[in-house]
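# This is a predicted model, with the sequence first.
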Amino acid sequence: MEIVAPFKDAIDAIKEAGGETFKFCYQCGLCDTVCPWNRVRNFSMRHIVRQATFGLAEIEGKDMWRCTTCGNCPQRCPRGVGTIDVSVSFRRIASQAGFLPAPIHTVSASLGAEGNPLGQARKNRADWAEGLSVKTFTEGMEVLYFPGCYLSYDPRLKKVAAATANILNRAGVNFGILGPKENCCGESIRKTGDEELFKRLARENIKTFIENGVKKILVSSPHCYHTFKNEYPSFKVNFDVVHISQYLFELIHEGRLKLIKEYGKKVTYHDPCYLGRHNGIYDEPRQVLRKIPSLEMMEMADSREESLCCGGGGGGIWMDTPKAERFSNLRIGQAIDGEAEVLVTACPYCIINFEDSRLTLEDSEVIEIKDITEIVQEVI
């Protein structure tokens, strides 16, 4: 697939789609040196920006969809080029022109019809909570727990939602969920270029939150956190948004949650892109883990600001990526090289990708993949 536009039309379209910072790029190549794609194949985001610079907009379709919006290149750019914005602007142009990869078409249809990308029925969104003493949210409750799409439907990630609910109940938190009233937060579909669908999902969520008297939102996904905290305010609303890793730290610090059992394993923590680089949350999850009795912490290569993307952002979670090109394979290797027994993270996309990569190992039992809530649940 190619998208071709005359010089002036391309420039105007890119600017209107939010990618006007392309004009600051002077082709130094620093973005290419830190892009995770260049660990598995040749790829140049700089080439895409160069096409924008000259107004050609002749971009190979596959390249347009490779960017995972991990945030590594913008923090290295000496000229302040919003590389992610440029990438997303091309996708918006492609979306408006009807050029979308087949998986995104399928996801968009599911989001529009059922409010989630997994093709699951909206009415089943709260099924994960059966038998867990989880209430429907009502005004005046301490916090709304928003598990997100994957924790609501994916069999592996329902365990994370259950662990979270068990922890909140143990800590005496007065919380509830909205179940079928919830929509996908819209973050990832926005990064694939479908701005209109994002706005629709966002407005429906905001209306639901306001009508139900929601003040504070607890999320498990860094993508939900980023969108509710940083993108929904453009709709003139501001909710108190907290990620579960932050909330665990608060509960422990306030004495509401006691970590009493020994864990006895060597653990390494993976920083999700949208929790770390995009939102600066590095310390709280590590502080939680360090408070667990007999848990041994080690740091992998490429941690904190340098964290290696799992490959799930920017719609990557929905794309078919060849095994040889999966960043998550590299990350699993880094954890194993550090002799970690458990790779722990705090993002559903990361867990999905790491679990898939773990299954490619000759001995899949060599390392466990855990969400931070699953470890905390074991020691309370």
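Thanks, I have it. Numbering: from 1, shown residues only.
# Specify the local secondary structure of the residue positioned nearest the centre of the chain.
The centroid of the chain falls nearest to His223 when counting by C-alpha atoms, centre = their mean (3.8 Å). Secondary structure state of His223, per DSSP: H, G, I helix; E, B strand; the rest coil, is helix.
# Tell me, how many residues neighbour the closest residue to it other than its chain neighbours?
By the measure of C-beta to C-beta, 6 or more residues apart in numbering, the closest residue to His223 outside its immediate chain neighbours is Glu187, 4.3 Å from it. Every C-beta, even on glycine, is put in place using the N, C-alpha and C of the backbone. For Glu187, the neighbour count with other C-beta atoms under 10 Å is 26.
# Could you pull up the contacting residues of Glu187?
Shown in contact with Glu187 (C-beta atoms under 8 Å, 6 or more residues apart in numbering): 198, 223-224, 226-227, 231, 274.
# So which of the residues you listed belong to helices?
Assignment to helices by DSSP state H places the following of the contacts of Glu187 there: 198, 223-224, 226.
# mind putting those in JSON lines, distance to Pro103 and pLDDT included?
Formatted as JSON lines, those follow (distance: C-beta to C-beta, whole Å; pLDDT from 0 to 100):
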{"residue": "Phe198", "distance to Pro103": "17", "pLDDT": "97"}
{"residue": "His223", "distance to Pro103": "17", "pLDDT": "98"}
{"residue": "Cys224", "distance to Pro103": "21", "pLDDT": "98"}
{"residue": "His226", "distance to Pro103": "22", "pLDDT": "98"}
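# roughly how far apart are Met298 and Cys273?
According to C-beta to C-beta, to the nearest Å, Met298 stands 21 Å off from Cys273.
# out of those two, which sits in the busier spot?
In this view Met298 and Cys273 are compared by other C-beta under 10 Å, and Cys273 has more residues nearby, 28 against 13.
# surely that one meets Glu306?
No - applying C-beta atoms under 8 Å, one finds Cys273 not in contact with Glu306, separated by 11.2 Å.
# so where's the stretch 51-200 of the chain shaky on pLDDT?
For the stretch 51-200 of the chain, applying pLDDT under 70 flags the ranges 51-61.
# Repeat the analysis, applying 50 as the threshold.
Residues of the stretch 51-200 of the chain that meet the criterion pLDDT under 50 lie in 56-57.
# coming back round to it: how much space between the residue nearest to His223 and Ile352?
In this structure, Glu187 and Ile352 are separated by 15 Å, where distance is defined by C-beta to C-beta.
# How about residues contacting stretch 370-380?
Outside stretch 370-380, the residues within contact range by C-beta under 8 Å, 6+ apart are 159-160, 163-164, 166-167, 170, 220, 244-245, 248, 257-263, 267, 269, 285, 288-289, 292-293, 295, 342-346, 348, 351.
# Can you give the distance of that stretch from its chain's centre?
The offset between the C-alpha centroid of stretch 370-380 and the centroid of the whole chain comes to 20 Å, using C-alpha atoms, centre = their mean, to the nearest Å.
# Output it as PDB, restricted to C-alpha atoms.
Taking only C-alpha atoms (Å, rounded to 0.1, in the frame of the first residue of the first chain), the coordinates of stretch 370-380 have been written out as PDB:
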ATOM      1  CA  LYS A 370       3.300 -12.000  36.700                       C
ATOM      2  CA  ASP A 371       1.400  -8.700  37.100                       C
ATOM      3  CA  ILE A 372       2.400  -6.900  40.300                       C
ATOM      4  CA  THR A 373      -1.000  -7.500  41.800                       C
ATOM      5  CA  GLU A 374      -0.600 -11.300  41.400                       C
ATOM      6  CA  ILE A 375       2.600 -11.200  43.500                       C
ATOM      7  CA  VAL A 376       1.100  -8.900  46.200                       C
ATOM      8  CA  GLN A 377      -2.000 -11.200  46.400                       C
ATOM      9  CA  GLU A 378       0.300 -14.100  47.300                       C
ATOM     10  CA  VAL A 379       1.900 -12.300  50.200                       C
ATOM     11  CA  ILE A 380      -1.000 -10.600  52.000                       C
END
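# For the remainder of this discussion, apply numbering that starts at 287.
Okay, residue one is now 287; in that scheme the one you just asked about reads as stretch 656-666.
# Pull out the buried positions in that stretch.
Judged by neighbour count using 16 or more other C-beta atoms under 10 Å, the buried positions of stretch 656-666 are 656-663, 665-666.
# so who does the residue nearest to the centre of the chain touch?
Listed by C-beta under 8 Å, 6+ apart, the contact partners of His509 are 434, 471, 473-474, 560, 599, 633, 635.
# Which single one of those is nearest to Gly462?
For Gly462, the closest of those turns out to be Gly434, at 15.6 Å, with distances computed as C-beta to C-beta.
# contacting residues around the closest residue in space to that closest one that isn't next to it in sequence?
For Gly434, the nearest residue in space outside its immediate sequence neighbours is Ser507; the separation is 4.2 Å by C-beta to C-beta, 6+ apart. The neighbourhood of Ser507, defined by C-beta under 8 Å, 6+ apart, consists of 434, 436-437, 471, 633-635.
# Okay, and which of these map to helices?
Filtering the contacts of Ser507 for membership in helices, criterion DSSP H, returns 436-437, 634-635.
# Widest-spaced pair of these?
Farthest-apart pair in the ones in helices among the contacts of Ser507 is Leu437 and Tyr635; separation 11.3 Å (C-beta to C-beta).
# which of the contacts of Ser507 tops the neighbour count?
Going by other C-beta under 10 Å, Cys633 tops the contacts of Ser507 with 29 neighbours.
# need the contact list for that residue.
Residues touching Cys633, when contacts are defined by C-beta under 8 Å, 6+ apart, comprise 507-509, 558, 560-561, 596, 598.
# got it, and Trp351?
Counting by C-beta under 8 Å, 6+ apart, Trp351 has contacts 377, 387, 478, 601, 605.
# Show me what the helix or strand hosting Ala395 is packed against.
Assigned by DSSP states H and E, Ala395 belongs to helix 388-400. Where contact means 3 or more C-beta pairs under 8 Å, 6 or more residues apart in numbering; DSSP states H and E, helix 388-400 is packed against helix 473-477, helix 481-497.
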